[in-house]
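> what follows is a predicted protein model with its sequence.
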Amino acid sequence: MGTMCRMILVEREIRATPAEVWTHLSALDRWAELLPTVDSIARVGDPGPIAVGSRFLVRQPGLAAAEYEVVDWRPDAGFTWVASASGIRTRASHELKASGAGTRLALAIEWSGPGAWVAKAFFAGKARRYVAAEAAAFAALAES
């Protein structure tokens, strides 16, 4: 039970190029205006271009504020960020792949650590709804 990873994955086809989707996906400073699942997002530290090591304080409805650090940043292809609190490590990945329809967006959340089972038990339903809403929002933004 302890440190096992628990994952939620939502995939969506978007009728736009990876670069068009990336324009919105990578606009982390604007996620509070772009996504219905983010109340606020603020840089922690360096306000320069987003890169590996950039940190953000994210507030979402019904969840504790979390500080995410970018651990992978690949323009037009995706990014991953992680947050740790109370024995739970949250890893959220955002992947773009060219497809026949345009772009396949894959959004995933993984919980690991001693408290991963708690996150899964209490937040999996909400997390799945949030990730699906984010995929829909990115699709609407990129296709408009």
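Received the coordinates, thanks. Numbers count the residues shown, from 1 in each chain.
> same for the lengthiest helix in the chain, what does it pack against?
For the chain, the helix reaching the highest residue count under DSSP state H is reported as helix 116-143. Under the contact definition 3 or more Cβ pairs under 8 Å, 6 or more residues apart in numbering; DSSP states H and E, helix 116-143 sits against strand 6-14, helix 18-25, strand 88-99, strand 102-112. Where C-beta positions appear, they are placed from N, C-alpha and C, glycine not excepted.
> in its sheet, what does the third one sit against?
According to DSSP bridges, strand 88-99 forms sheet pairs with strand 78-85 (antiparallel), strand 102-112 (antiparallel).
> just the first one next, same as before
Sheet pairing here is set by DSSP bridges, and for strand 6-14 it gives strand 102-112 (antiparallel).
> keeping just the C-alphas, turn the partner strand into CSV.
Presented in CSV, the C-alpha positions along strand 102-112 are these (Å, rounded to 0.1, in the frame of the first residue of the first chain):
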residue,chain,number,x,y,z
GLY,A,102,-4.1,17.4,-34.9
THR,A,103,-2.9,16.8,-31.4
ARG,A,104,-3.4,14.2,-28.7
LEU,A,105,-3.3,15.8,-25.3
ALA,A,106,-2.6,13.5,-22.4
LEU,A,107,-3.0,14.8,-18.8
ALA,A,108,-1.9,12.6,-15.9
ILE,A,109,-1.8,12.9,-12.2
GLU,A,110,0.3,10.4,-10.1
TRP,A,111,0.4,10.2,-6.4
SER,A,112,3.3,8.4,-4.6
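> can you list the buried residues in that strand?
By neighbour count with 16 or more other Cβ atoms under 10 Å, strand 102-112 contains the buried residues 102-105, 107-112.
> how far does it sit from its chain's centre?
8 Å (Cα atoms, centre = their mean, to the nearest Å).
> ok, now stretch 7-24?
Counting by Cα atoms, centre = their mean, stretch 7-24 comes out at 11 Å from the chain centroid.
> Arg12: neighbour count?
Residues within reach of Arg12, counting by other Cβ atoms under 10 Å, total 18.
> for it, which residues are in contact?
Arg12 makes contacts with 104-105, 135-136, 138-139, as judged by Cβ atoms under 8 Å, 6 or more residues apart in numbering.
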